[in-house]
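**Student:** Next comes the sequence, and after it the predicted model I'd like to discuss.
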Amino acid sequence: MLLGLATGDRIGLGVVAGIFIVFAVTSALLIPRYRPDFPGRAGLRLFILATLILFVSMMGAVNVFGQEEEGDEAAHAEGSGGEAAPRGETTGGQEKEPRPGGARRTVEVAGSEFEFELPGKSLSAGDYTFKLENTGQAAHDLVLEGPGLDDAATPLVDPGQTGSVDVTLASGTYKLYCSVPGHEEAGMKLELEIS
Ligand SMILES: [Cu+2]
């Protein structure tokens, strides 16, 4: 049980136990040397009373320190449980709902002649950074059009380079295309569904 107590509690308990042990050893071994008749009749009552008081104090100390420890454990358990639950809710919310003030997510788009490649064709609403990597031989950009967006675009990105644009996507259909003349018509265009 002592091992389970916090350091401070163990010290407090140790002091009480130490007093009790010193008192018991002293009265049992040392006092008779100097007072062979100890304890006398009055002394015997006093000795028993003092022993009882110290014993009760010690048990009281065990209870008090033990309960403090249990209280701490209960508080820790409630604290960690309380933190875990909101985290779970937040994670669930990321999948289904718009998250104003939530973490911005990154979508990596590869652009080349003449197509865009996205990790997926649907996303949940929220804040995104679209990062265009030009894997082709000509310069390209990435423009997004849809609810709440009017020609949000990356800079023109040279071959082998990357460029990004921050957008907030709401529910609906967005069109992604390259604005370099002729590229959209050649195939650099796709639709993205936001749920
Ligand atoms: Cu292009």
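**Tutor:** Arrived safely. Residues are numbered from 1 along each chain as shown.
**Student:** Residue numbers of the chain in contact with the ion?
**Tutor:** Counting by Cβ under 5 Å from the ion, the residues of the chain lying close to the ion are 140, 178, 180, 183, 188. Where C-beta positions appear, they are placed from N, C-alpha and C, glycine not excepted.
**Student:** Mind pulling the model confidence for the second one?
**Tutor:** It refers to residue 178. With respect to pLDDT, residue 178 scores 98.
**Student:** Excluding covalently adjacent residues, which one is nearest to it?
**Tutor:** residue 188 (3.7 Å; Cβ to Cβ, 6 or more residues apart in numbering).
**Student:** again with the first one
**Tutor:** Sequence neighbours aside, residue 111 is the residue nearest to residue 140 in space, at 4.4 Å (criterion: Cβ to Cβ, 6+ apart).
**Student:** What's the local residue count around that neighbour?
**Tutor:** 28 (other Cβ atoms under 10 Å).
**Student:** send the alpha carbons of whatever helix or strand it lives in over as PDB?
**Tutor:** Assigned by DSSP states H and E, residue 111 belongs to strand 105-112. Taking Å, rounded to 0.1, in the frame of the first residue of the first chain, the C-alpha atoms of strand 105-112 are listed here in PDB:
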ATOM      1  CA  ARG A 105      -6.000  20.000 -44.900                       C
ATOM      2  CA  THR A 106      -3.700  19.700 -47.900                       C
ATOM      3  CA  VAL A 107      -4.700  18.100 -51.200                       C
ATOM      4  CA  GLU A 108      -1.800  17.300 -53.500                       C
ATOM      5  CA  VAL A 109      -2.600  17.600 -57.200                       C
ATOM      6  CA  ALA A 110      -0.300  16.400 -60.000                       C
ATOM      7  CA  GLY A 111      -0.600  18.400 -63.200                       C
ATOM      8  CA  SER A 112       0.900  17.400 -66.600                       C
END
